[in-house]
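Undergrad: Kindly generate the corresponding structure for this input.
(chains A, B, C and D)
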There are 2 protein chains.
Amino acid sequence: MSHTREDVIAAAGRMFAAKGYHGTSMRDLGRELGLLGSSLYSHVGGKQELLVEVVARGAKLFQAAADRALATEGTAADRLRALIAGHVDVVLDHRDEVRTFLNEARSLDAEARAAVVEARDRYEEAFRTVLREGIEDGSFRPEVDPVVDGIFVLSILNAIERWYDVSGPVDRSELVARLHRFVLGGLAGGG
Amino acid sequence: MSHTREDVIAAAGRMFAAKGYHGTSMRDLGRELGLLGSSLYSHVGGKQELLVEVVARGAKLFQAAADRALATEGTAADRLRALIAGHVDVVLDHRDEVRTFLNEARSLDAEARAAVVEARDRYEEAFRTVLREGIEDGSFRPEVDPVVDGIFVLSILNAIERWYDVSGPVDRSELVARLHRFVLGGLAGGG
DNA sequence: CCTACCGATCGGTAGG
DNA sequence: CCTACCGATCGGTAGG
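TA: The predicted structure is shown next:
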């Protein structure tokens, strides 16, 4: 049974997501694949390279989802719903990369961490854009702050990986519906 | 300059919050206090004990805040506001313990981790209680789910430590006001 | 992909 | 609180 670089990166995603970067050793990673830690170095340059690769995949998935959502026709609320649904899809379909992207960026060296900060900012900007549109056309409250309220929305979305249980009582469409209703109320509601 | 057990725990809180449990060595911790790693063992039993202590303090602070908030007279919305304001106070006034409580529980051994899970559940229960009250008296939408929407509220609150800048443009009272408006809209709003 | 290993660092202890 | 250590484990390399 021969392994590829892809196998190693996938295993790294699984283990970094489950036990964290510092909590995962190259020997752990090797064991997961049925070989020795030292054997991994014929497939990858090192542990840090694995983290960079997994995190980059998470970042790319979110950015692609945001680009698609922003291209949605209709109102600001429609695009907001598309952003929410896209985020949920990324989280549920690529949980390991998402967890690593969200929780292990701290372990990246300076350069790679800067790239993550930039990726997050671009992603947040998609939400701020939609919030501004909604404030302008009157569908959201005028006191909404695109920065602060944008963070509120993303806080809810980014937390999903921490609690959502795929085999629990809330299915994907109900999750999206509840998210959308709560967020829309938060932005438009007559609190 | 002689150190106390309290000094060591405080330093551990600072370093666990900044670099994580696995990212902090006993030698790092000693250096922070101007002594050797091995010297810490005359003040504390070990590294894990330090984590347990810091996390327990975080848990206690949140629980005390919730108890106070639930004792607030008035409507469910009033108690919700008290919960939010109490949470913000805990996060801003005890950031190290909060960060460690929220982010490093994974590094606790099984027994201590179970205690954290229980503490979190009790804290979440305070929010669920207020949500149920608000649904019953009609101030919140009938479709609100105390569990799921409670998680949404706590997701926003728990994320504050990650982005809020004490010397930034949003002061404490504005933060609480924006949180309350967003959350109340999410629960009551005519989305 | 394994064998055999490297220097560095880890949490922790004995003894003062 | 330091000196002087311990065994274990870490990421990584040389050579096959």
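
Undergrad: The spatially most central residue of chain A: what's it in contact with?
TA: Geometric centre of chain A, nearest residue: A:Val98, 4.3 Å, by CA atoms, centre = their mean. Residues counted as contacts of A:Val98 (CB atoms under 8 Å, 6 or more residues apart in numbering or on different chains) are A:58, A:61-62, A:90-91, A:161. Where you see a C-beta, it was placed from the backbone N, CA and C, and this is true even at glycine.

Undergrad: And A:Asp89, by the same measure?
TA: Contacts for A:Asp89 (CB under 8 Å, 6+ apart) come out as A:Ala65.

Undergrad: swap in A:Glu97?
TA: A:13, A:17, A:54-55, A:57-58, A:61.

Undergrad: what's the farthest-apart pair in these?
TA: Pairwise distances among the contacts of A:Glu97 were taken by CB to CB; the largest, 13.8 Å, belongs to A:Ala17 and A:Leu61.

Undergrad: Could I get the CA-only coordinates of the strand or helix carrying A:Val88 as CSV?
TA: Per DSSP states H and E, A:Val88 falls inside helix A:76-93. What follows is helix A:76-93, C-alpha atoms only, in CSV (Å, rounded to 0.1, in the frame of the first residue of the first chain):
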residue,chain,number,x,y,z
ALA,A,76,-28.8,42.1,-0.2
ALA,A,77,-30.7,39.7,1.9
ASP,A,78,-30.5,37.1,-0.9
ARG,A,79,-26.8,37.5,-1.1
LEU,A,80,-26.5,37.3,2.6
ARG,A,81,-28.5,34.0,2.5
ALA,A,82,-26.1,32.8,-0.2
LEU,A,83,-23.1,33.7,2.0
ILE,A,84,-24.6,31.8,4.9
ALA,A,85,-25.5,28.7,2.9
GLY,A,86,-22.1,28.7,1.2
HIS,A,87,-20.4,29.0,4.6
VAL,A,88,-22.4,26.1,6.0
ASP,A,89,-21.5,23.9,3.0
VAL,A,90,-17.8,24.6,3.4
VAL,A,91,-17.9,23.8,7.1
LEU,A,92,-19.9,20.6,6.8
ASP,A,93,-18.2,19.3,3.7
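
Undergrad: List the buried residues in it.
TA: A:76-77, A:79-88, A:90-91 (16 or more other CB atoms under 10 Å in any protein chain shown).

Undergrad: Stretch A:40-51 too?
TA: By neighbour count on 16+ other CB under 10 Å, the buried set for stretch A:40-51 is A:40, A:43-44, A:47, A:50-51.

Undergrad: Contacts made by stretch A:153-173 with the rest, please.
TA: Contacting residues not belonging to stretch A:153-173 are listed as A:84, A:87-88, A:91-92, A:95, A:98-99, A:102, A:123-124, A:127, A:131, A:175, A:178-179, A:182-183, A:186-187, B:148, B:151-152, B:155-156, B:158-159 [CB under 8 Å, 6+ apart].

Undergrad: Just the ones in helices from the residues you listed, please.
TA: A:84, A:87-88, A:91-92, A:95, A:98-99, A:102, A:123-124, A:127, A:131, A:175, A:178-179, A:182-183, A:186-187, B:148, B:151-152, B:155-156, B:158-159 (DSSP state H).

Undergrad: model confidence over the helix holding A:Val88, on average?
TA: Averaging pLDDT along helix A:76-93 gives 97.

Undergrad: What angle do helix A:95-103 and that helix make with each other?
TA: Relative orientation of helix A:76-93 versus helix A:95-103 (axes from the mean of the first three to the mean of the last three CA atoms, to 10 degrees): 110 degrees.

Undergrad: Show the pLDDT at A:Gly191.
TA: pLDDT, A:Gly191: 49.

Undergrad: now A:Gly23
TA: 89.

Undergrad: what's around the nearest residue to it once chain neighbours are set aside, how many residues?
TA: The shortest distance from A:Gly23 to any residue other than its chain neighbours is 5.8 Å, reached at B:His22 (CB to CB, 6 or more residues apart in numbering or on different chains). Using other CB atoms under 10 Å in any protein chain shown, B:His22 has 17 other residues around it.

Undergrad: And A:Val176, by the same measure?
TA: 17.

Undergrad: The one 5 residues further on now?
TA: Taking other CB under 10 Å as the neighbour definition, A:Arg181 ends up with a count of 20.

Undergrad: try A:Ser38
TA: By the criterion of other CB under 10 Å, A:Ser38 has 10 neighbours.

Undergrad: Over to A:Gly134?
TA: A:Gly134 has 22 neighbouring residues, counting by other CB under 10 Å.

Undergrad: likewise A:Ser39?
TA: Neighbourhood size, A:Ser39 [other CB under 10 Å]: 14.

Undergrad: can you check A:Leu29 too?
TA: The burial count for A:Leu29: 21, using other CB under 10 Å.

Undergrad: Check the one 5 residues further on too.
TA: The tally of other residues near A:Gly34 (other CB under 10 Å) stands at 9.

Undergrad: And the stretch of helix or strand A:Arg162 belongs to, what's buried?
TA: A:Arg162 belongs to helix A:146-163 when assigned by DSSP H and E. Neighbour counts over helix A:146-163 (16+ other CB under 10 Å) mark A:146, A:148-161 as buried.

Undergrad: what's the angle from it to helix A:76-93?
TA: Counting by the same axes, to 10 degrees, helix A:146-163 lies at 30 degrees to helix A:76-93.

Undergrad: From the chain's centroid, how far away is helix A:146-163?
TA: Distance, stretch centre to chain centre, for helix A:146-163: 11 Å (CA atoms, centre = their mean, to the nearest Å).

Undergrad: Next: stretch A:42-60.
TA: Relative to its chain's centre, stretch A:42-60 lies at 16 Å (CA atoms, centre = their mean).
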